[in-house]
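> This is a predicted model, with the sequence first.
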Amino acid sequence: MNTPAKINSARTVPTRFVESRGRKLAYREIGSGPPLLLCLRFRGILDSWDPDFLDALARDFRVITFDYSGLGQSTGNPSYQAEALAADAIDLADSLGLGTFVIGGWSLGGIGAQVLAAQHPERVSHVVLIGTSPPGPLDPPSEPIFLERALKPENDLTDETILFFEPDAPESRAAAARSHDRIAARAGDKSPPIPPETYLRLLQERAGEEIFPDRAGYGEFLARCGIPILVITGDHEIVFPAPNWFALSRRWKSLHLLVLPQMGHGPQHEVPEMAAEIIASFVRNRVKTLAE
């Protein structure tokens with residue numbers, strides 16, 4: 001087992017590796033406290049997280065980020081199937097000797113996080129979901145502009161503003177530029193971007209599927225599991241619109257839903273300190289209860 005990192009900045013912490021089931025998983029960790037394992041978005045790599053968000057989380061958590069199998073600096077066979085994303089996360093947790101931990105995820109990573117919680121509820125103390133979808137069909141669906149921008153070979157600041165922020169709000173546009181600069185500031189030891197041929201192939205492998213197919217009763221489990229679940233979303237979420245969660249606010253007994261105004265798909269990058277403080281307070285103040 002690798003020794004936990006002692007460096008307390010996401011900007012400088014080195015990439016480490018574990019070997020599990022025939023592949024190497026690249027990861028980074030900072031901070032101390034309850035383990036918080038974060039799963040990435042579509043096209044995400046280790047360097048897709050805003051370092052201010054991770055540094056703020058590290059005041060309260062042992063924050064662990066990673067590259068999925070076959071992407072970034074990790075080896076193995078890549079897949080965007082939710083079950084494969086969950087398998088990467090639990091294999092990393094096992095390799096690091098994590099017992100119980102907080103599982104978090106942004107966008108596609110939030111889908112993997114929900115599957116992991118359903119498959120390994122005894123290991124999960126809390127679920128933190130940012131800009132993501134519950135199991136089942138999307139209603140309302142994603143806005144068409146999402147794929148128009150998300151599938152471009154390279155995304156510039158304008159694309160990032162549309163994808164992750166609220167382009168109609170001046171403060172959100174300014175926050176997008178600040179976050180872009182913070183992410184770009186890391187000098188070395190970066191994960192390589194995912195080539196278009198790879199992410200397009202991974203999408204093609206899922207052609208015709210719902211974004212989050214409820215293959216194993218995930219929704220019903222999460223509704224009654226008693227694991228505290230926090231959803232943070234923007235009011236102009238173009239990928240997984242916030243109303244997809246509204247009907248669940250009574251059905252999912254432990255769901256906490258926070259909709260932030262004039263924000264988009266990456267609220268934790270727009271208000272990193274606020275998002276981290278909300279997550280820390282949620283974990284401190286909500287406890288797991290016995291399922292019905």
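Great, that's in hand.

> burial measure for S249, as a count.
11 (other Cβ atoms under 10 Å). To be clear about C-beta, it is placed using only N, CA and C from the backbone, and glycine gets the same treatment.

> quick one: low-confidence parts of this structure?
1-7, 291-292 (pLDDT under 70).

> Where do the helices of it begin and end?
Secondary structure of the chain by DSSP state H: the helices cover 51-57, 82-95, 108-119, 144-150, 157-164, 170-184, 196-204, 218-224, 243-246, 267-270, 272-285.

> Need the winner for burial among those helices.
helix 267-270 (a mean of 29; mean count of other Cβ atoms under 10 Å).

> Counting by contacts, list what that helix packs against.
helix 170-184, strand 229-234, helix 272-285 (3 or more Cβ pairs under 8 Å, 6 or more residues apart in numbering; DSSP states H and E).

> Which residues are in contact with the nearest residue to S133 once chain neighbours are set aside?
Spatial nearest neighbour of S133, chain neighbours left out: F240 (4.1 Å); criterion: Cβ to Cβ, 6 or more residues apart in numbering. F240 sits next to S107, G131, T132, S133, L138, S142, I211, T233, H265 when contact means Cβ atoms under 8 Å, 6 or more residues apart in numbering.

> how close does L230 sit to A117?
12 Å (Cβ to Cβ, to the nearest Å).

> got the contacts of F240 as a markdown table, with neighbour count columns?
Putting the contacts of F240 into a markdown table (neighbours: other Cβ atoms under 10 Å) gives the following:
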| residue | neighbour count |
| --- | --- |
| S107 | 27 |
| G131 | 28 |
| T132 | 28 |
| S133 | 25 |
| L138 | 16 |
| S142 | 17 |
| I211 | 21 |
| T233 | 27 |
| H265 | 28 |
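
> Let's see which of the residues you listed end up in strands.
T233 (DSSP state E).

> before we move on, the earlier item: quick check: neighbours shared by L230 and A117?
Shared contacts of L230 and A117 (Cβ under 8 Å, 6+ apart): V127.

> if we can go back for a sec, quick one: which of the helices and strands packed on helix 267-270 is nearest F101?
helix 272-285 (10.7 Å; Cβ to Cβ).

> List of residues touching that closest one?
Contacting residues not belonging to helix 272-285 are listed as 34, 36, 50, 52-53, 56-57, 59-61, 102, 104, 125-126, 128, 130, 179, 228, 230, 232, 256, 258, 267-268 [Cβ under 8 Å, 6+ apart].

> then it to PDB, C-alphas only?
The C-alpha atoms that make up helix 272-285 are tabulated as PDB, following Å, rounded to 0.1, in the frame of the first residue of the first chain:
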ATOM      1  CA  PRO A 272     -14.800  26.500  -4.800                       C
ATOM      2  CA  GLU A 273     -14.700  27.600  -1.100                       C
ATOM      3  CA  MET A 274     -18.400  27.700  -0.700                       C
ATOM      4  CA  ALA A 275     -18.800  24.300  -2.300                       C
ATOM      5  CA  ALA A 276     -16.100  22.700  -0.100                       C
ATOM      6  CA  GLU A 277     -17.600  24.300   3.000                       C
ATOM      7  CA  ILE A 278     -21.100  22.900   2.200                       C
ATOM      8  CA  ILE A 279     -19.700  19.400   1.600                       C
ATOM      9  CA  ALA A 280     -17.700  19.500   4.900                       C
ATOM     10  CA  SER A 281     -20.700  20.700   6.900                       C
ATOM     11  CA  PHE A 282     -22.900  18.000   5.200                       C
ATOM     12  CA  VAL A 283     -20.500  15.300   6.200                       C
ATOM     13  CA  ARG A 284     -20.100  16.600   9.700                       C
ATOM     14  CA  ASN A 285     -23.800  17.000  10.400                       C
END
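
> That helix to helix 170-184, inter-axis angle?
80 degrees (axes from the mean of the first three to the mean of the last three Cα atoms, to 10 degrees).

> Tell me how far helix 272-285 lies from the chain's centre.
15 Å (Cα atoms, centre = their mean, to the nearest Å).

> List the residues that contact the nearest residue to Y27 once chain neighbours are set aside.
In space, Y27 comes closest to F66 once its chain neighbours are excluded; the distance is 3.9 Å by Cβ to Cβ, 6+ apart. By Cβ under 8 Å, 6+ apart, the contact list for F66 reads 25-28, 37-40, 46, 74, 88-89, 92.
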